[in-house]
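In: Show me the folded form of this:
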Amino acid sequence: MSDTNRRDFIKATAGIAAGTALGGTALWTPEAAAQQFKVTPEKGAKLRVLRWKRFVQGDEDVWAANTKKFTELTGIEVRVDAEGWEDVRPKAAVAANVGSGPDIIISTMEDAHQYPEKLVDVSDLANYLGAKYGGWYPLAKDYGMHNNKWVAVMMGAAGNALVYRESAFKAAGFDGVPRDMAGFLKLCQALKAKGTPAGFALGNATGDSSWTHWLVWAHGGKLVDAKNNVVINSPETIAALEYGKQLYETFIPGTLSWLDPNNNKAFLDGQLFLTANGISIYYAAKTSQDPKLLEMANDIQHGYFPLGLDGKARELNLVFPMMIFKYTKYPNAAKEYLRFMMEKEQYVPWQEASIGYVCHPLAAYEKSAFWTADPKKTPYRDCFKNGTAGGYAGTMGYASAACIADFIIPNMVAEAASGSKTPKEAAARAQARAERYYKL
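Out: Numbers count the residues shown, from 1 in each chain. Down below sits the predicted model:
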């Protein structure tokens, strides 16, 4: 591509698109018009991107197609590698420490807060996207900003909702998911009595064990307070663990060792009738060639978690920060790649192809028509907007990120639920483990 064509491309795709809209609402604001994003990619730039392996095929296919389009338009070669969630995080940490590796790493949760000084300041890009697309949700700022500057651009999050078989619920006497904790326990008990059990991951599952945080938060427990004092060993946590123990008695066998793929497999095998997951189970059934799975897709429904005792939603979603490392030789090219991938011309088709597996961090994208065209997708639309930060109720940082990565809350819930420790013993152990990080 000639320099003239490349400049024209950047001007056209970053400039004001008058009348551009999602759901009939204009995305451009006067503020956005005043701050078009302008960077000049380095000559001869080549990028290497590391991201997590897809859970839905449409994600991988359209991400690759968008990347190819970016290369064709800019002449910038981009190599995309994919690893499991559990492998990306340590590789990102190693890259930060040794000062070499992929130019861009798309990781999980609070990784950007573990080594913010090793990351490129992307405030210019984040401010541009926020102004153009209706603003960032507060949770995106929590994860993406450190010391009042953006150190990561948020791709979105794997929305966390309840996945269930409608026929099993009706047979158990329920029309949907109760929004109160007592009603939810009764639902799970009724499902077990009918031989159509629930099951939630209690192993070190990066995404699917996040329901344990909801369990603790919904009962008023928290790992730390607003001043980052560790307070997990509390009456509220004990109450959550007692409830979790009753819930575990209704589960399908094997959940203590479940990682992220296990509940998907059990559900699609017809062994499981209620679980916490992204939309990937529905996607697999809906896009299958197997008539039995297509029939199952018609029976699958999604619902919100019960509200906490304080009446608030308390879900933890698996958030994906896109980080540019300072060791890169091509920071401008990396920013341009992230800008391109977050623009609606690429982002909306990518979301739609994966039927909303990644929920958006920018408010304008909630108006995308596909969220309501199939009502089964709608519960995932607002997951990022309504989510609770992993560092709740303290601040993001190394300690909060380390506690999430070390599965302190999931392990505590598993120990109490299985009876390997009493709720008091499990809470005390979690307190000691967390204090080691927060006292560093």
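In: Helices of the stretch 101-250 of the chain, start to end?
Out: Ranges of helices within the stretch 101-250 of the chain are 123-132, 138-144, 166-171, 181-193, 211-218, 235-248, based on DSSP state H, counting those that start in this stretch.
In: Please identify the most buried of those.
Out: Stretch with highest mean neighbour count among those: helix 211-218 (a mean of 25; mean count of other Cβ atoms under 10 Å). C-beta here means a position set from N, CA and C on the backbone, and glycine is covered the same way.
In: Check which helices and strands it sits against.
Out: helix 235-248, helix 408-418 (3 or more Cβ pairs under 8 Å, 6 or more residues apart in numbering; DSSP states H and E).
In: helix or strand for Pro321, which one?
Out: strand 318-324 (DSSP states H and E).
In: Does anything pack onto the next helix or strand after that strand? Which helices or strands?
Out: Later in the chain than strand 318-324, the nearest helix or strand by DSSP H and E is helix 331-342. When contacts are defined as 3+ Cβ pairs under 8 Å, 6+ apart, helix 331-342 sits against helix 3-14, strand 46-52, helix 57-74, strand 104-106, helix 123-132, strand 153-158, strand 318-324, helix 344-353.
In: Looking at those, which is nearest to Ala393?
Out: strand 318-324 (17.0 Å; Cβ to Cβ).
In: close enough to count as contact, Pro379 and Val163?
Out: No. Using Cβ atoms under 8 Å as the test, Pro379 is too far from Val163 to be in contact (9.6 Å).
In: Kindly point out which residues are neighbours of both of those two.
Out: Shared contacts of Pro379 and Val163 (Cβ atoms under 8 Å, 6 or more residues apart in numbering): His302.
In: Redo the helices of the stretch 101-250 of the chain as TSV? Include distance to Asn298.
Out: Converted to TSV, these look like this (distance: least, Cβ to Cβ, whole Å):
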stretch	distance to Asn298
helix 123-132	37
helix 138-144	33
helix 166-171	9
helix 181-193	19
helix 211-218	25
helix 235-248	28
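In: I'd like those helices written out as a markdown table, with distance to Asn229 and mean pLDDT added.
Out: Shown next, in a markdown table, are these (distance: least, Cβ to Cβ, whole Å; pLDDT from 0 to 100):
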| stretch | distance to Asn229 | mean pLDDT |
| --- | --- | --- |
| helix 123-132 | 31 | 96 |
| helix 138-144 | 19 | 96 |
| helix 166-171 | 41 | 98 |
| helix 181-193 | 26 | 98 |
| helix 211-218 | 16 | 97 |
| helix 235-248 | 14 | 98 |
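In: quick one, what contacts the residue lying closest to Tyr438 once chain neighbours are set aside?
Out: In space, and not counting its chain neighbours, Tyr438 is closest to Ala399: 4.5 Å by Cβ to Cβ, 6 or more residues apart in numbering. Under the criterion of Cβ under 8 Å, 6+ apart, the neighbours of Ala399 are 228, 434, 437-438, 440.
In: ok, now how distant is Ala399 from Lys141?
Out: Per Cβ to Cβ, to the nearest Å, Ala399 is found 19 Å from Lys141.
In: what's the neighbour count on Pro60?
Out: One thing to correct before we go on: residue 60 is Glu, not Pro. 18 (other Cβ atoms under 10 Å).
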